[in-house]
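> The following block contains a protein sequence and its predicted model.
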Amino acid sequence: MPTKKGSGHTKKKNVGGEMKNADDLSSLVSEYANEEVEVEKIKEEEPKPQKLTKSFHPKAKDNSFPSFSSSSSSTTSSTSNGKSTRPSEDLKALEAAPIIIESKKVEVKKKEESKWKERKDIGKVEHSFCPHLELKKGLNNKVTVSLEESENLLEKNFRYMNSKISNRVRVMDEAQNDITHLVMLHNQLSEGDIENKDYDFHPIDRAVQETVLGSAIVALEGEMDLNEGPVVFQSDQKARSRVLLKDLKEYSIYPGQVVVYEATNPNGKLLIPSKVFPIPSPPFVKGSGENKKAIDLVVAAGPWTVPQNLEYEPLQTFIETMSKEVPDVILLAGPFVDREHPEMESGYCGDLEELFEEKVLNPLNSFLKKNKSTKVVLVPSIRDLHQNYFVFPQPAFESENFHDRMISAPNPATLDIGGVRVVVSNNDILKHLAIEEISKNQIGDRVTRLCDHILQSRSLYPLYPPAVGSCVEILKREKYALNSSPDLLFLPSDLASFAKKASGVLCVNPSRIYKGIYSRLTIHAKNEAPGDTVRVA
């Protein structure tokens, strides 16, 4: 039954889940009002943003922010005048109020500028070999350049970097037998059937009191290098023994080196060598170095751009210099598109082949069109990203835009330049050997000794196991073998530039072009310098 106005009865209301009469409602409303005042005080005490940068209205036309939406609520809110407002009215009030967005400054690190043009000592000669000979420039001789081994170093049906351990061991055993045979002949040692390479060596891991002859490969003990852990000799029978080097008066060894030694082994667990026999260098090819006229040769190695950008400023400067001096032959080694460049490591999004064509090939082609006699040889690097093979040995670059006088060579490459035999190996074996080699009482400088190791091992990468990042395919060892000594051996390296004579071979490190360093050689004819075995200025 409905209640009329002015009657003594009052309608009960459902507030907070309890039934209360009209007498209690006033006290309840005043309690809620007090709570709201406290909330307003708390809001006023909240810290305001120190920096306000933008104020906008949700309904403004130029507003790029999305509109706000809110779900409706079943509860009512009280205002200061005691009246109740609906949720839709609260939403309208919210949309009408300005919204403040706080913005913070983000510091963007500026890209480091190239200092290529600020380099000092331009034109300074770092090293000179045979300074009494004249360094001739601009001879304009039409020198013939040909690849000694032009066959492809890689096979399409070969699974590179996926070789079995047994196959790698077999290859190293064959290398050990070949070097052992050469040492036995060179030092006139007789132990077994030398002609058939069947030697009667004492087992490396068996005790013996008297001095015996043996052959082994220098190996590593676990993950330690020769400087940290004990030296280990491993024979071709897969037997191993630790080595005590204190009785040796002199030595120079590295992992993968083949050694023929005299030693004792008192307990079968510790080999004590007393002598290590020298390894002969490979012979020279008959008729090499018979150039009839002087040759002006320039050699430079990458990276061909500075770390700060991909503008290839060193290459541009190099081409400008060569345009003025016009050498007979220019030998350029990679990397041209370097995988270790900061922009490549951070994620280069452009086309790598287009980068090579635009920044490297096109400028070189333009240079060759202007200079009618110069020939250019390109040698790749395993760090080149624009080509398909990152394995040493490595095939030559493939491109349809090569100039007629541009020769694409493999890595390593053996070239005949006007009758002079030139070998270039672009895998920084010098740096890797320098890290691993240990020596005692050696005569001469270390760089020459490292070059001797390469020649005597008859391999352009004798280190085993190979260094991390060298990408050496051990099953293709014959493709980077050095069975005969060249006249010139170019070994681009991060080490300091040099020109050294080792075992009768002129070994040159042209350094890196981004450092502003390259090599220039004048190979004199035999009649111009008859008294010099190496006729290079």
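Happy to help now that I have it. Bear in mind the structure is a predicted one, so any value in this text is a computation, not a measurement.
> ok, residue 247 - contacts?
Shown in contact with residue 247 (C-beta atoms under 8 Å, 6 or more residues apart in numbering): 272, 273, 274. Backbone N, C-alpha and C define where each C-beta goes, glycine included.
> Checking residue 167 next. Helix, strand or coil?
With DSSP: H, G, I helix; E, B strand; the rest coil as the basis, residue 167 sits in helix.
> That one is in contact with residue 477, isn't it?
No - between residue 167 and residue 477 no contact is recorded; they are 11.0 Å apart, counting by C-beta atoms under 8 Å.
> Which one of those two is surrounded by more residues?
Each of residue 167 and residue 477 has its neighbours counted (other C-beta atoms under 10 Å); residue 477 has more, 20 against 11.
> Let me know whether that one touches residue 171 as I believe.
Yes - between residue 477 and residue 171 a contact is recorded at 5.4 Å, counting by C-beta under 8 Å.
> Relative to residue 234, how far out is residue 221?
11 Å (C-beta to C-beta, to the nearest Å).
> now, which of the contacts of residue 247 sits nearest residue 138?
Checking those against residue 138 by C-beta to C-beta gives residue 273 as the nearest, at 55.0 Å.
> Bridged to that closest one, which residues?
Beta-bridge pairing for residue 273 (DSSP bridges): residue 263.
> What segments of the stretch 301-450 of the chain are strands?
329-333, 375-379, 406-408, 413-417, 420-424, 438-440 (DSSP state E, counting those that start in this stretch).
> Return the member of those strands having the minimum mean pLDDT.
Note on these: strand 438-440 shows the lowest mean pLDDT, a mean of 90.
> re the thing from before, just the strands of the stretch 301-450 of the chain: most buried one?
Highest mean neighbour count of those: strand 329-333, a mean of 27 (counted as mean count of other C-beta atoms under 10 Å).
> top of the contacts of residue 247 by neighbour count?
Among the contacts of residue 247, the one with the most neighbours (other C-beta under 10 Å) is residue 273, at 22 neighbours.
> wait, what's in contact with that residue?
The contact partners of residue 273, by C-beta under 8 Å, 6+ apart, come to 243, 244, 245, 247, 248, 261, 262, 263.
> residue contacts, the last one?
Residues near residue 263 by C-beta under 8 Å, 6+ apart: 211, 212, 214, 271, 272, 273, 274.
> now it: how far from residue 203?
12 Å.
> for the second one, same thing?
Computed with C-beta to C-beta, the distance linking residue 244 and residue 203 is 18 Å.
> just the fourth one next, same as before
Residue 247 sits 20 Å away from residue 203, going by C-beta to C-beta.
> Please apply the same query to the first one.
Computed as C-beta to C-beta, the residue 243 to residue 203 distance reads 15 Å.
> out of those two, which sits in the more crowded spot?
Using other C-beta under 10 Å as the criterion, residue 243 and residue 203 rank with residue 243 on top: 23 against 15.
> Next up, the contacts around the more buried one.
230, 231, 232, 233, 270, 271, 272, 273.
> And residue 271, how close does it get to residue 169?
20 Å.
> which SS state does residue 137 fall under?
coil.
> I'd assumed residue 296 was in contact with it.
Yes - contact criterion C-beta under 8 Å: residue 137 and residue 296 qualify, at 6.1 Å.
> who touches both of these two?
Contact criterion C-beta under 8 Å, 6+ apart; residues shared by residue 137 and residue 296: 327, 520, 522.
> In the protein, where's the longest strand?
Ranked by residue count and defined by DSSP state E, the top strand of the chain is strand 208-219.
> Name the strands paired with it and say parallel or antiparallel.
strand 231-234 (antiparallel), strand 258-265 (antiparallel).
> Relative to residue 394, which of the contacts of residue 247 is nearest.
residue 273 (37.2 Å).
> Any figure for the gap between the closest one and residue 160?
Residue 273 is 37 Å from residue 160, by C-beta to C-beta.
> buried stuff in stretch 490-507?
Within stretch 490-507, the residues scored as buried using 16 or more other C-beta atoms under 10 Å are 490-493, 495, 497-500, 502-503, 505-507.
> show me where the protein has helices.
22-45, 87-96, 165-186, 313-325, 342-345, 352-356, 362-370, 429-436, 446-457 (DSSP state H).
> For the residue lying closest to residue 262 once chain neighbours are set aside, give me its contacts.
Sequence neighbours aside, residue 275 is the residue nearest to residue 262 in space, at 4.5 Å (criterion: C-beta to C-beta, 6 or more residues apart in numbering). Shown in contact with residue 275 (C-beta under 8 Å, 6+ apart): 248, 261, 262.
> top of these by neighbour count?
Result: residue 261 is most packed of the contacts of residue 275 (other C-beta under 10 Å), 23 neighbours.
> List the contacts of that residue.
213, 214, 215, 216, 233, 273, 275, 276, 277.
> Could you measure from it over to residue 174?
Counting by C-beta to C-beta, the gap from residue 261 to residue 174 is 20 Å.
> same deal with residue 480?
As judged by C-beta to C-beta, residue 480 and residue 174 stand 14 Å apart.
> between those two, who's got more neighbours?
residue 480 (22 against 13).
> which phi and psi does the nearest residue to the more buried one once chain neighbours are set aside have?
Spatial nearest neighbour of residue 480, chain neighbours left out: residue 460 (4.5 Å); criterion: C-beta to C-beta, 6+ apart. Listed backbone geometry of residue 460 is phi -80, psi 0, with angles given as degrees, to the nearest 10.
> my guess is residue 258 contacts residue 176, does it?
Yes - between residue 258 and residue 176 there is a contact at 5.0 Å, judged by C-beta under 8 Å.
> Please enumerate the shared neighbours of those two.
With C-beta under 8 Å, 6+ apart, residue 258 and residue 176 have common neighbours 215, 216, 217.
> pretty sure the last one contacts residue 172?
Okay, so that is residue 217. Yes - between residue 217 and residue 172 a contact is recorded at 6.3 Å, counting by C-beta under 8 Å.
> which residues do the two both contact?
Counting by C-beta under 8 Å, 6+ apart, the residues touching both residue 217 and residue 172 are 256, 464.
> contacting residues for the spatially most central residue of the chain?
In the chain, the centroid-proximal residue (C-alpha atoms, centre = their mean) is residue 340; its distance is 4.9 Å. Residues near residue 340 by C-beta under 8 Å, 6+ apart: 303, 383.
> 7 Å instead, please
residue 383 (C-beta atoms under 7 Å, 6 or more residues apart in numbering).
> Repeat that for residue 341.
Applying C-beta under 7 Å, 6+ apart, the residues near residue 341 are 303, 307.
> Would you mind measuring from the residue nearest to residue 480 to residue 366?
Distance from residue 460 to residue 366, by C-beta to C-beta: 33 Å.
> got it, and residue 417?
23 Å.
> cool, and residue 474?
Counting by C-beta to C-beta - residue 474 and residue 366 are separated by 41 Å.
> Looking only at neighbour counts, state which of those two leads.
The residue with more neighbours, out of residue 474 and residue 366, is residue 474; 19 against 13, by other C-beta under 10 Å.
> Touching, that one and residue 168? I think so.
Yes - if you go by C-beta atoms under 7 Å, residue 474 and residue 168 touch, sitting 5.0 Å apart.
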